[in-house]
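Chemist: Would you be able to build a 3D model of this:
(2 chains)
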Amino acid sequence: MKFYRNLTIKQKQIVWAWGFLALPVLFYSVIRFYPTGNAMLISFQDWNLLGSRTWAGWDNYTKLWHDPVFWKVFANTFIYLLLGTPISLVISFVIAYNLDKLRFMHGFLRMLYFLPFMTSAVAMAWVWRWFYQPVPIGLFNNVLASLGIPQIEFLRSTTNALPSVLAPAVWAGLGFQIIIFMAGLRAIPRSYYEAARIDGVSTWTVLFEITIPLLKPTIVFIVVFSSIGFLRIFDHVFNMTTQDPGGPLNATKPLVLMIYDTAFTGFDMGYAAAQTVVLFLILLLVSLIQLRILRDR
Amino acid sequence: MANVALRNLGKTFDKTTVLHDISLEVADGEFVVLVGPSGCGKSTTLRIIAGLEEATTGEVEIAGRVVNNLEPKERNIAMVFQNYAIYPHMSVRKNIGFGLRTSALSKPDRIKRLEEVAALLDMTDLLDRKPAQLSGGQRQRVAIGRAMVRDPAVFLFDEPLSNLDAQLRTQMRLEIKKLHQRVGNTIIFVTHDQVEAMTMADRIVILKDGVIQQVGTPSEVYHKPANTFVAGFIGAPSMNMMAATATSQGIRLFNGPTVALVQSDLTVGQPVTLGVRPDDLMVGTGQVLAEGQVVVQEPLGAETLIYVSVDGTEVIAKASGRTPPAVGETVRLGAATENLHLFDAATGAALR
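Modeler: Predicted coordinates for the structure are as follows:
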């Protein structure tokens, strides 16, 4: 105790800070950092989960490079990202922008938009799966049929399946993004809009020159956050294509699902670990690029 | 250049009425200050003139045109906000130029106009800076510049100085007054600070609870306050108020002397309030009004304010800065008869 008493105020604060940080640091080391390091190690080994690990060097990575499925999956993952992020950004902004101006039933509508975010992805995926079924089961095709429009193969076409899986994933994330956008919109002082009104500029000018530039920090957050979400998409795909996960013909398979398949269907842990490392690098790279592009200049 | 007229303006939010029957004529080129405590309706009045708020009843006229149903941009006004409302992501140039977006001027004319305004406000060197790189006073000038650039008929200022520190506020006060003398536009200025009102205004409008208490020049509202509220609000420190009764000899202060102040329209026994400004209340001169012990001294340099306890209430008086009475000393305070104010005790209205 004498030792502690002789410390300066600053040193005492540091002791306390580390005291509180010790538990999370320990937790993260054991639960996060150790497995991450281990995964990187396994990516250079061959292992079937039960047998002994053998050193494989760069074999897993060269195999990945020459694997046509990997490149298909790689492309799919980026299609999820490049479609999902801008679409959800625009939709959530449009809803938040208009909801912010609405007083009537504001709270109720906000709750409705937030509801999908709280719903289990599995339940949602299965409901959407039902929507997509052919006549006489599926909702969408029944509606189309009653209007006399030919049926659409949503989940069983190699071209339609990916957007069909993406739609509920976008919908599920909207609630959260709307809430974040509304918070951003609320933070803009009213007098900015009043000054613009007195200057008599058009609604579009106000939107593009005041609202959107001032929402930039919010937009950066949502873009990075939703990009990471779409790069890691798994549960919607898995639950909507259970008979043939990632099908048809790998048309909807994202990287995470390929990792899951390789690891727990193929029991090729080394190969799965190599894929995981690649996913990690992609996530890192995309986030860094986005932060750099969208950062305040 | 334009006059502004408010006719029987009323404003109700939900069920609360915040403005009652406000009528005011502002002449072309006049500098009018609306002043009052917070919640008195001064900002609401300004926002109604600007068109940011709709009047529940009554008419707003700018330059001889009733503008009730016109959008703010059609009213030919400009407004300076309390938080300046300058856009943090735009340079000073773009901020000032924002007001010219909708103007009919050609591009070279706009640039010329912008530079004229920048020169007038001494900001030419700052045009390419972002607001974050400016001091409080400079931001204030950007906000004024943005208002000026469109050359509006009427300038509206909504407490523009309250975010500045005391020294800068004094300086900006002077700058705005000089600017008004140079450009000569009509200005309606809202503040809660009576010093700002007194120093800047051609005419002051004092509001309380959504009702105009008095309209007059700084000298009129100071020397001839219409009621006890105006008397207490204008002037610092506040006017001393003493309860009194009218008698046949004059005004008898409670537990004190009778002041020989004969007022023909008073009935004997009528309760009144006698007001005297600390500036006019001095030790041992004029009509003796009160006697008591000095409780606190406030030296201000040239003079010293003394707080004197008279029958349990404190009265503020002025004493010499060099030889003020000591704390604990008993003093007799007096004032010249012409400096006494008399108010009806029940209504607060001035009686002389």
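Chemist: When you work out contacts or count neighbours from here on, use the C-alpha atoms and nothing else.
Modeler: Noted.
Chemist: Name the spans of the chain whose pLDDT lies under the cut-off.
Modeler: You didn't say which chain, so I picked chain A. Chain A contains residues with pLDDT under 70 at A:296-297.
Chemist: wait, chain B
Modeler: Residues of chain B that meet the cut-off, pLDDT under 70, sit at B:1, B:255, B:262-264, B:352.
Chemist: Which of the helices or strands spans B:Thr304?
Modeler: Using DSSP states H and E, B:Thr304 sits in strand B:303-310.
Chemist: and after that strand, which helix or strand comes next?
Modeler: Note on strand B:303-310: by DSSP H and E, the next helix or strand toward the C-terminus is strand B:313-320.
Chemist: All the strands of the stretch 101-250 of chain B, in order from the start?
Modeler: B:154-158, B:186-191, B:203-208, B:211-216, B:240-246 (DSSP state E, counting those that start in this stretch).
Chemist: returning to that earlier point: list the buried residues for the strand holding B:Thr304?
Modeler: Neighbour counts over strand B:303-310 (16 or more other CA atoms under 10 Å in any protein chain shown) mark B:303-309 as buried.
Chemist: since we're on the residue lying closest to B:Pro271 once chain neighbours are set aside, how many residues are nearby?
Modeler: Distance criterion CA to CA, 6 or more residues apart in numbering or on different chains; nearest residue to B:Pro271, sequence neighbours excluded, is B:Thr245 at 4.5 Å. Counted with other CA atoms under 10 Å in any protein chain shown, residues neighbouring B:Thr245 total 20.
Chemist: what residues are up against B:Thr245?
Modeler: Applying CA atoms under 8 Å, 6 or more residues apart in numbering or on different chains to B:Thr245 gives the contacts B:251-254, B:268-273.
Chemist: Try it again at 6 Å.
Modeler: B:251-252, B:269-272 (CA atoms under 6 Å, 6 or more residues apart in numbering or on different chains).
Chemist: Can you tell me how far it is from B:Gly312?
Modeler: Distance of B:Thr245 to B:Gly312, given as CA to CA, to the nearest Å: 19 Å.
Chemist: how much distance is there from the strand holding B:Thr304 to the middle of the chain?
Modeler: Its chain's average C-alpha position is 26 Å from that of strand B:303-310, according to CA atoms, centre = their mean, to the nearest Å.
Chemist: Partner strands of that strand and their direction?
Modeler: Note on strand B:303-310: by DSSP bridges, its sheet partners are strand B:287-299 (antiparallel), strand B:313-320 (antiparallel).
Chemist: can you redo the ones you listed as TSV with mean neighbour count?
Modeler: Listed next are those as TSV, based on neighbours: other CA atoms under 10 Å in any protein chain shown:
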stretch	mean neighbour count
strand B:287-299	19
strand B:313-320	21
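Chemist: mind putting the ones you listed in TSV, distance to A:Arg190 included?
Modeler: Output for those, formatted as TSV (distance: least, CA to CA, whole Å):
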stretch	distance to A:Arg190
strand B:287-299	43
strand B:313-320	43
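Chemist: B:Val205 contacts B:Val215, doesn't it?
Modeler: Yes. Shown here, B:Val205 and B:Val215 form a contact pair, counting by CA atoms under 6 Å, at 4.5 Å.
Chemist: more crowded one of these two?
Modeler: B:Val205 (22 against 19).
Chemist: how close does the more buried one sit to B:Ala231?
Modeler: For B:Val205, the distance to B:Ala231 equals 13 Å [CA to CA].
Chemist: and the helix or strand hosting B:Gly10, what other elements does it pack with?
Modeler: Assigned by DSSP H and E, B:Gly10 belongs to strand B:4-13. When contacts are defined as 3 or more CA pairs under 6 Å, 6 or more residues apart in numbering or on different chains; DSSP states H and E, strand B:4-13 packs onto strand B:16-26, strand B:57-62.
Chemist: Close to chain B: what parts of the stretch 51-200 of chain A are there?
Modeler: A:191-192, A:198-200 (CA under 6 Å from any CA of the partner chain).
Chemist: if I look at the residue lying closest to A:Trp58 once chain neighbours are set aside, how far off is B:Ala143?
Modeler: Nearest residue to A:Trp58 in three dimensions, chain neighbours excluded: A:Phe44, at 6.0 Å (CA to CA, 6+ apart). Using CA to CA, we find A:Phe44 at a distance of 63 Å from B:Ala143.
Chemist: Kindly report the same for B:Thr267.
Modeler: 55 Å.
Chemist: ok, now B:Gly51?
Modeler: Taken as CA to CA, the span from B:Gly51 to B:Ala143 is 19 Å.
Chemist: Please apply the same query to B:Thr170.
Modeler: 17 Å.
Chemist: Those two - which one has more neighbours?
Modeler: Shown here are B:Thr170 and B:Ala143; by other CA under 10 Å, B:Ala143 has more neighbours (25 against 15).
Chemist: Setting aside sequence neighbours, what's the nearest residue to that one?
Modeler: Per CA to CA, 6+ apart, closest to B:Ala143 is B:Tyr84, 5.4 Å.
Chemist: quick one on the thing from earlier: buried by neighbour count, from the contacts of B:Thr245: which ones?
Modeler: B:251-252, B:271-272.
Chemist: Nearest to B:Asp128 among those?
Modeler: B:Val272 (61.8 Å; CA to CA).
Chemist: Sticking with that closest one, tell me its helix or strand.
Modeler: Counting by DSSP H and E, B:Val272 is found in strand B:271-276.
Chemist: quick one: whichever helix or strand comes after that strand to chain centroid distance?
Modeler: Moving toward the C-terminus from strand B:271-276, the next helix or strand (DSSP H and E) is strand B:282-283. Here strand B:282-283 is found 29 Å from its chain centre; the criterion is CA atoms, centre = their mean.
Chemist: Could you list every helix and strand in contact with strand B:282-283?
Modeler: Packing partners of strand B:282-283 (3+ CA pairs under 6 Å, 6+ apart): strand B:330-335.
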